[in-house]
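Asker: mind looking at a prediction? Sequence and model below.
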Amino acid sequence: MKTGAELIRRELMVHLVRAFDGGRLEEEIDRIPVRMRPRGGPCSRSSVWHDRAVLKYRLMALMGFSCEDETDEARTLRSYLEEMKEAPPPRGDPLTVCSAGCDGCRERAFMVTDNCRGCFARPCEWNCPAKAVAVERMHASIDNGRCIRCGKCAQACPYRAIVEVTVPCEAACPVGAIRKNEVGQARIDFSKCIFCGACFSACPFSAIMEKSQLVQLLHALRNGEKITAVVAPSAAWQFQGTVEQLFTAIRGLGFDDTIEVARGAELTTEHEAREFVQRQKAGGRLMTTSCCPSWVNLARKHIPEIVPFVSETPSPMAYAADIARERRPANKVAFIGPCIAKRDEALRRGSVDYVVSFEELGAVFAARGIVPADLAPARLDRPAHEDARNYAKSCGVTESVLLGLAHELPEDFRLDAKYVDGLDRRSVMQLRLYASGRLPCNFLEVMSCRGGCVNGPCSLRD
């Protein structure tokens, strides 16, 4: 489902790329917010000035800067651009929150709508354990000072007249990593954050932003740096046309080489299958997949008891980066995919120099009028296996690993494979049960995004 937030993000990227391609970025970057929100034109927030301020901070994030690090509100975007060209900002945590964009949503609460009939039975009042509900003049009201947010009144109401009002970013976060600060604006606790991007997708004000490397990559390509693009398997579901046509389009941007991350997935399958067999023969109870970095972050930060069961096999991106280094050792490596957590994984591993989202790649194509489906297919030295390309979908990892197990385990071995399709608070509790053994299985696939990487937070979903 498309949203206005996605459209604004992409429109801004297109403006930026066109200014860059025209050699006018230094002169025009401070005017992009004005061009997108001219005086007297329509606005998305309280005023055109408010819109422009948020667009300014979004351009800062596109250059890799954190909004929280701003010390001078009068500083120009051009000065940030010049600083970025001299020394790229530290990559650090991949998300930043724009205070100017945050609406300061009201705290989670239950409220009574006009559907209330003030019924004689008063189930809302009688079922409230905190005595926070009262019915006066044939209409219920809730004392939020006494309310304990249990939701029993909403469950009891026969007219569905009581609704829960949530803070979207807080409600979406599976680990409670985002909360309001003392002035009511969202802040991310990065010691808890797993970089799943749920808050990024959920915020209706687009106040949560990715710290991008797009401008840095554009400069590197223009300067003739040799860069290998490693492209995530989910690319096949993002752009019209074949993978081979997409590779033609990517190479046309100036990349020196292109590799399917699905080639890395083949190695992940091979090593993970071997690791599972070894663990089972040694009496292991459970092994989980390790290709989703948000899931691995969740285990390390919030479910330490499950860490011993997490596969030690590197992710497809890690293997693909190794293939890229072996093929062209002097090249830098850019990963292209739908995932915010890959920015964190790339920083921790150190083998990937740039991480670019499908949204960003799509904006570059749009700015330059490139339609991959209209291009001749590139010649791949060896296309990846189809099962490896299916890593992008939930259960794709399991299916691939099962193929690798076909002749490795005894005939009487009973495989009990399960999967967790999307991380939320309920699935986090479920994973704790798997760790303790109260939920039985011996092979567990975990994907942060429902449906798999094809639905990542930076994908080109319709």
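Answerer: Alright, I've got the coordinates. None of the values given here were measured: they were computed from a predicted structure. Numbers count the residues shown, from 1 in each chain.
Asker: use CA for all of it now, contacts and neighbours both
Answerer: OK.
Asker: next, E164: secondary structure please.
Answerer: Under DSSP: H, G, I helix; E, B strand; the rest coil, E164 falls in the strand class.
Asker: wait, what's in contact with it?
Answerer: Applying Cα atoms under 8 Å, 6 or more residues apart in numbering to E164 gives the contacts R108, A109, F110, M111, G151, A154.
Asker: who does it form a beta bridge with?
Answerer: F110 (DSSP bridges).
Asker: what's the burial count for the nearest residue to C157 once chain neighbours are set aside?
Answerer: The shortest distance from C157 to any non-neighbouring residue, by Cα to Cα, 6 or more residues apart in numbering, is to C124 (5.8 Å). When counting by other Cα atoms under 10 Å, one arrives at 27 neighbours for C124.
Asker: what residues are up against C124?
Answerer: Neighbouring residues of C124 by Cα under 8 Å, 6+ apart: V133, K152, C153, A154, A156, C157.
Asker: what helix or strand does it sit in?
Answerer: If you go by DSSP states H and E, C124 is part of helix 123-126.
Asker: packing partners of the helix or strand following that helix?
Answerer: Later in the chain than helix 123-126, the nearest helix or strand by DSSP H and E is strand 133-136. With contacts defined as 3 or more Cα pairs under 8 Å, 6 or more residues apart in numbering; DSSP states H and E, strand 133-136 has these neighbours: helix 123-126, strand 139-142.
Asker: to R78, which of the ones you listed lies closest?
Answerer: strand 139-142 (50.9 Å; Cα to Cα).
Asker: pairing partners for the closest one, with directions?
Answerer: Strand partners for strand 139-142, identified by DSSP bridges, are recorded as strand 133-136 (antiparallel).
Asker: strands of the stretch 351-462 of the chain, start to end?
Answerer: Secondary structure of the stretch 351-462 of the chain (DSSP state E, counting those that start in this stretch): strands at 354-357, 417-421, 443-447.
Asker: please apply the same query to the stretch 151-300 of the chain.
Answerer: Under DSSP E, counting those that start in this stretch, the stretch 151-300 of the chain gives strands at 162-165, 178-180, 186-188, 208-210, 227-231, 257-260, 287-288.
Asker: now those in CSV, with mean pLDDT and distance to E83?
Answerer: Output for the strands of the stretch 151-300 of the chain, formatted as CSV (pLDDT from 0 to 100; distance: least, Cα to Cα, whole Å):
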stretch, mean pLDDT, distance to E83
strand 162-165, 92, 42
strand 178-180, 90, 30
strand 186-188, 93, 26
strand 208-210, 95, 19
strand 227-231, 98, 23
strand 257-260, 96, 29
strand 287-288, 96, 43
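Asker: can you tell me how far P204 sits from D114?
Answerer: Distance of P204 to D114, computed by Cα to Cα, to the nearest Å: 25 Å.
Asker: H302 now?
Answerer: H302 is 41 Å from D114, by Cα to Cα.
Asker: which one of those two has more residues nearby?
Answerer: It is H302, of H302 and D114, that has more neighbours when counted by other Cα under 10 Å, with 17 against 9.
Asker: mind pulling up the pLDDT for that one?
Answerer: Note on H302: pLDDT of 98.
Asker: buried ones in the helix ranked longest in the chain?
Answerer: Ranked by residue count and defined by DSSP state H, the top helix of the chain is helix 261-281. Under the neighbour-count criterion of 16 or more other Cα atoms under 10 Å, helix 261-281 has 261-277, 279 buried.
Asker: got a list of contacts for it?
Answerer: For helix 261-281, the external contacting residues (Cα under 8 Å, 6+ apart) are 230-233, 287, 289, 311, 313-320, 323, 383-385, 388-389, 391, 397, 400-402, 404-405, 408-409.
Asker: still on that earlier bit, chain center to the helix holding C124: distance?
Answerer: 41 Å (Cα atoms, centre = their mean, to the nearest Å).
Asker: buried ones in that helix?
Answerer: Buried-residue list, helix 123-126, by 16+ other Cα under 10 Å: P123, C124, E125.
Asker: how does this structure divide into domains?
Answerer: What the record gives for the chain is the domain set 4-103+174-211, 109-165, 217-455, from automatic domain parsing.
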